[in-house]
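The sequence isn't on hand, but the structure is:
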């Protein structure tokens, strides 16, 4: 009997030890000293979110807010610039800085833009200077000083033009990238300060957005404004980007939304359609970037997250979290494997989204939305539709072809999942 009580007490003591909270600072006298593992000088791959399983690399090298980032050289390298007055070229494979450009005099660099052939870089800095660099050699090609703050700068895909968004004159300035002569100077192009500008893929049109909530598209050949969309958002518009076809323009806004506009000549006036992407960010959206095939849109926000969007149906696939401050800029590689994000937290992150459709969180999201995959009868591209939508059986075109079609506004609005759908159609004042 005594032996039985002893055995029971021993078992209880063992269970208590197993269930007791483990104090990481408490070391038993009988325990061997912990093994000392040499600290890695560079932990390149970061920890993964529990459900997302998205691997990422944290890139440290700047000492202040990272203002702009972009892929170049067939996605093997990328550029970044910062308020620490530096411009850096990185190796995308190893995450090392290949070159620091000699950016003098010291001034916060606000934006960097690279040509499609990765030969030249254009930068705008806080000291009202625009500079052109040779990417291969790091040599400064030319520099121009302006009398006004430069809100944005972009080089055309063909490398022939540079466009600047100028603050005081509320103007866009288009110059020859070789000899720096002015091609167009449109003063008072907007009613308030401009926030961003960009070229279309053909290097013939320039889109600009502003604090006045408007969008304008300027044609270089005809020297005229092709399109004006007023009250495009309910808040200031922060950024814009074209699709590779040039038919669609995405705008991001302080109103927490993104919108995709059909800006193809004539089509906008026929249908006036735009798709609104909602419920992706909890704060102002700072940046946006389309994948080369237009199937994916990436956006960054002041809520410290990066959103990955399915463009075909306008829902957020995944929210990438990890930055400790505002996400200021985003980019996506041509092969859609990598997303690059820049932040006010002085770092960049390189996210591997190659297997995004296979991770639990995305699969769970698709099931929750009740998405049904169909094939567009016009472009043969697969697209999704909401199973709960009573009109789903009649929808046979993807959102782009619906927007392209005459009268698409009525058709597309019928195919949405009600007020709670992340994708809505809108008809702005043009």
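Nice, I can see it. Values in this document were obtained by computation on a predicted structure and should not be read as measured data.

how about low-confidence regions in this structure?
1-52, 265-273, 370-374, 382-395, 399, 403-430 (pLDDT under 70).

got the domain boundaries for it?
Following automatic domain parsing, the chain resolves into domains at 56-356, 366-426.

can you redo these as TSV with mean neighbour count?
Glycine gets a C-beta too; all of them are placed from N, C-alpha and C. Output for the domains of the chain, formatted as TSV (neighbours: other CB atoms under 10 Å):
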stretch	mean neighbour count
domain 56-356	20
domain 366-426	17
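
The closest residue in space to residue 210 that isn't next to it in sequence: what's it in contact with?
Among residues not flanking residue 210 along the chain, residue 190 sits closest, at 3.8 Å (CB to CB, 6 or more residues apart in numbering). Applying CB atoms under 8 Å, 6 or more residues apart in numbering to residue 190 gives the contacts 170, 208, 210, 211, 212, 214, 216.

what do you get for residue 290?
Residue 290 neighbours (CB under 8 Å, 6+ apart): 241, 242, 243, 244, 250, 296, 297, 311, 332.

correct me, but residue 210 touches residue 172?
No - at 10.3 Å, residue 210 does not count as touching residue 172 under the criterion of CB atoms under 8 Å.

Which neighbours do the two have in common?
Jointly contacting residue 210 and residue 172 under the rule CB under 8 Å, 6+ apart are residue 194.

residue contacts, residue 346?
Contacts were defined as CB under 8 Å, 6+ apart; by that measure residue 346 touches 60, 62, 63, 64, 65, 66, 82.

Tell me how far it lies from residue 321.
Using CB to CB, to the nearest Å, one obtains 17 Å as the distance from residue 346 to residue 321.

In contact with the closest residue to residue 359 other than its chain neighbours, which residues are there?
Nearest residue to residue 359, sequence neighbours excluded (CB to CB, 6+ apart): residue 53, at 4.6 Å. Applying CB under 8 Å, 6+ apart, we find residue 53 in contact with 355, 359, 360, 361.

Tell me the buried residues within these.
For these, a burial check counting by 16 or more other CB atoms under 10 Å picks out 359, 361.

Among the contacts of residue 53, which one lies nearest to residue 375?
Residue 375 lies nearest to residue 355 out of the contacts of residue 53, by CB to CB, at 23.1 Å.

Spatially nearest residue to residue 200, not counting backbone neighbours?
residue 246 (4.3 Å).

mind checking the SS state of the one you found?
State at residue 246, reduced to three classes by DSSP: H, G, I helix; E, B strand; the rest coil: coil.

Is residue 276 bridged to anything, and to what?
residue 259, residue 424 (DSSP bridges).

Pretty sure it sits against residue 255.
No - applying CB under 8 Å, one finds residue 276 not in contact with residue 255, separated by 9.9 Å.

Touching both of the two, which residues are there?
In contact with both residue 276 and residue 255: no residue, using CB under 8 Å, 6+ apart.

before we move on, which element is residue 362 in?
Taking DSSP states H and E as the definition, residue 362 sits inside helix 360-369.
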